[in-house]
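Undergrad: sequence and computational prediction follow.
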Amino acid sequence: MCTDVGLVLAPGTVLDLRGHALVGPGRDVGGVALDVSFADVQNDPPVTVRNGTVRGWASVFPAASTLTATLRRVVVQDNAVVADLVSSSLTFERAVLRDNGLVLGGFSIFADVTRSTFEDNDTALSIGPPGGAVVRQSTFARNGTALSCSEGDITVASSVFRENTTAIGADACLSSVENSAFHDNGTAFSSRMIFPDGSPGTDRVAGSVFVGNDVAVHAGVRTVVEDNVFRRNGTGLLSQSAGTPFEVEDLTVLGNTLTRNGDGVVIDTVAHVGDNTATRNDGYGLFVPLAVDLGGNLASRNGVDCVGVVCARS
């Protein structure tokens, strides 16, 4: 057990724990696990930590530091903060992040996440401006916030989000979510426009499954929602911004299946809507009063089948 600083690492160091643990005095006591200092973060080689456990520290990396690091096949557990950084990049490869306060946060940071697991953290990834994150084949379970982003961009693919209070929250953050699964979250995906000059681009939510969330997709910016399955959510797709200073310019809703939700789709601004199927939703199947009807919508056995588009019986 270490009490103040675990190890001091120079840029380019590969720390192979070989199954051992670097243990601190306790997350509420203090200490920095890995004291890393980069003179030139653009050119210095990254630090790599692999094959072991890091637990029980106030901070794994020094607060407000600038660095490049890779966590590979490590368990990082029960720390107050793993990394609160500035102008840095952190790569997670087959890592497990469990029972921490904050895993990664800061400004101008980039996260690259592959085949990793984040569970029971207060906040997993918090990407401040103007940062970004790429998440692939990873799992986020029972976190307060799994992934948040402000004035950056995020790409999520082939990942699972389960029982998080907020799975993905994006404030003026260009977002792409594809081929992922969202189960039993409070809000699965939420975007918000924070500047009156409009959406930062066009978000995309496609090919994903949303089951048992309070709100599956809450779209506050221009978004394409395509080829998803929404089942047993409080609301499948929600966007209500009419009359606000941040009115959503357009939503495109294509080829989605909405079954046994409270409401299927509720949008009160302009939307292009086609080829969706809504069945057995308690309230609205498709409530899109300002829609451009692209045709091919089907609905049956909803509280109210369709408003704003013509729906054939499914």
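TA: Alright, I've got the coordinates. Numbering: from 1, shown residues only.

Undergrad: what mean pLDDT does stretch 304-314 have?
TA: For stretch 304-314, mean pLDDT rounds to 95.

Undergrad: now do the same end-to-end measure for stretch 124-134.
TA: Here the two ends of stretch 124-134 are set 14 Å apart, with distance taken as CA to CA, to the nearest Å.

Undergrad: can you give the contact residues for it?
TA: Stretch 124-134 has contacts (CB atoms under 8 Å, 6 or more residues apart in numbering) with 97, 102-113, 118, 135, 140, 143, 145-155, 173. C-beta: built from backbone N, CA, C; applies to glycine.

Undergrad: over to stretch 198-207?
TA: Counting contacts by CB under 8 Å, 6+ apart, the residues touching stretch 198-207 from outside are 151, 170, 172-179, 189, 191, 193, 217, 219, 221-228, 248-249.

Undergrad: which stretches in the stretch 1-150 of the chain count as strands?
TA: Assigned by DSSP state E, counting those that start in this stretch, the strands in the stretch 1-150 of the chain fall at 5-9, 14-16, 21-23, 32-36, 47-55, 68-77, 81-93, 96-98, 102-114, 117-119, 123-128, 132-136, 139-141, 145-150.

Undergrad: save the ones you listed as TSV, and put in distance to residue 272, mean pLDDT and mean neighbour count too.
TA: Output for the strands of the stretch 1-150 of the chain, formatted as TSV (distance: least, CB to CB, whole Å; pLDDT from 0 to 100; neighbours: other CB atoms under 10 Å):
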stretch	distance to residue 272	mean pLDDT	mean neighbour count
strand 5-9	52	93	16
strand 14-16	51	97	15
strand 21-23	53	96	18
strand 32-36	49	94	22
strand 47-55	47	97	20
strand 68-77	42	97	22
strand 81-93	37	96	22
strand 96-98	39	98	21
strand 102-114	32	97	22
strand 117-119	35	98	22
strand 123-128	30	96	24
strand 132-136	28	98	20
strand 139-141	31	98	22
strand 145-150	26	97	25
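
Undergrad: distance to residue 268 for the ones you listed - can I get that in CSV?
TA: Formatted as CSV, the entries for the strands of the stretch 1-150 of the chain read as follows, by distance: least, CB to CB, whole Å:
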stretch, distance to residue 268
strand 5-9, 53
strand 14-16, 54
strand 21-23, 53
strand 32-36, 49
strand 47-55, 48
strand 68-77, 43
strand 81-93, 39
strand 96-98, 39
strand 102-114, 34
strand 117-119, 34
strand 123-128, 29
strand 132-136, 31
strand 139-141, 30
strand 145-150, 25
